Every structure is written in C-alpha cells, then in structure tokens.
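K.L.:
Attaching a predicted model along with its sequence, questions to come.
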Amino acid sequence: MEIIGKYFLAMSFMLFFLLLWYTVQKLSRKMAAAHPEFGKAREEGGGCGGGGKCNCANVKSCVNKKVKSISSNL
C-alpha cells in the first residue's frame with residue numbers, strides 16, 4: 001500500500017505543477033492584454049532558438065539568412 005500512496009502523491013504533484021503552469025500562462029496573457037505598452041507576452045518556444053530557426057548547428061543547412069551571413073563574416 002505504501003508504494004501506491006507514493007505513486008498517487010507523485011501524480012498529485014505533477015498535476016499541481018501542470019495546473020500552476022497553466023495558471024501562470026493564463027495570467028501572463030491577461031496581463032499582456034491589459035497592458036499593451038509592455039508588448040506581447042513571449043510564448044515558450046516561440047522566439048529565437050526554438051526549432052532551429054535562429055541558432056543552427058550546421059550553418060550550411062541553416063534556413064536563417066542572418067545566421068549564414070554572420071557566420072560567413074567570422
């Protein structure tokens with residue numbers, strides 16, 4: 001019974017942190033909508049560095065022209 005109790009405790013913590021993350025995201029979007037002078041709320045993974053759009057390991061296969069031009073000047 002002790003193992004099952006620890007399992008449910010761990011699952012409860014994960015659910016709690018997931019709901020906490022969701023609440024923080026919702027509050028940040030609400031704050032950004034209420035105060036447009038601060039700019040848009042930055043979404044996780046939406047900026048430079050996500051999905052290889054800006055930072056490329058292989059410059060030759062990089063799709064970002066800025067990265068290619070900067071690396072060719074070095």
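P.N.:
It's in.
K.L.:
pLDDT on the helix or strand hosting residue 24, on average?
P.N.:
Using DSSP states H and E, residue 24 sits within helix 2-34. Averaged across helix 2-34, pLDDT comes to 94.
K.L.:
Tell me the helices and strands packed up against it.
P.N.:
On a contact count with 3 or more C-beta pairs under 8 Å, 6 or more residues apart in numbering; DSSP states H and E, helix 2-34 meets no helix or strand. Yep, even glycine has a C-beta here, placed from its N, CA and C like the rest.
K.L.:
And this structure, what are its domain boundaries?
P.N.:
Using automatic domain parsing, the domain parsing of the chain gives 1-34, 48-74.
K.L.:
Check residue 67 and give its pLDDT.
P.N.:
pLDDT at residue 67 comes out at 47.
K.L.:
what does residue 63 give?
P.N.:
57.
K.L.:
phi, psi of residue 40?
P.N.:
Backbone torsions for residue 40, taken as degrees, to the nearest 10, come to phi -70, psi 150.
K.L.:
any idea how far residue 23 is from the nearest residue to it once chain neighbours are set aside?
P.N.:
Leaving out its chain neighbours, the residue that sits closest to residue 40 by C-beta to C-beta, 6 or more residues apart in numbering is residue 32, at 5.8 Å. Noted for residue 32: a distance of 15 Å to residue 23, by C-beta to C-beta, to the nearest Å.
K.L.:
Please apply the same query to residue 36.
P.N.:
To residue 23, residue 36 is 22 Å away according to C-beta to C-beta.
K.L.:
Quick check, residue 32 in contact with residue 39.
P.N.:
Yes - counting by C-beta atoms under 8 Å, residue 32 does reach residue 39; the two are 7.4 Å apart.
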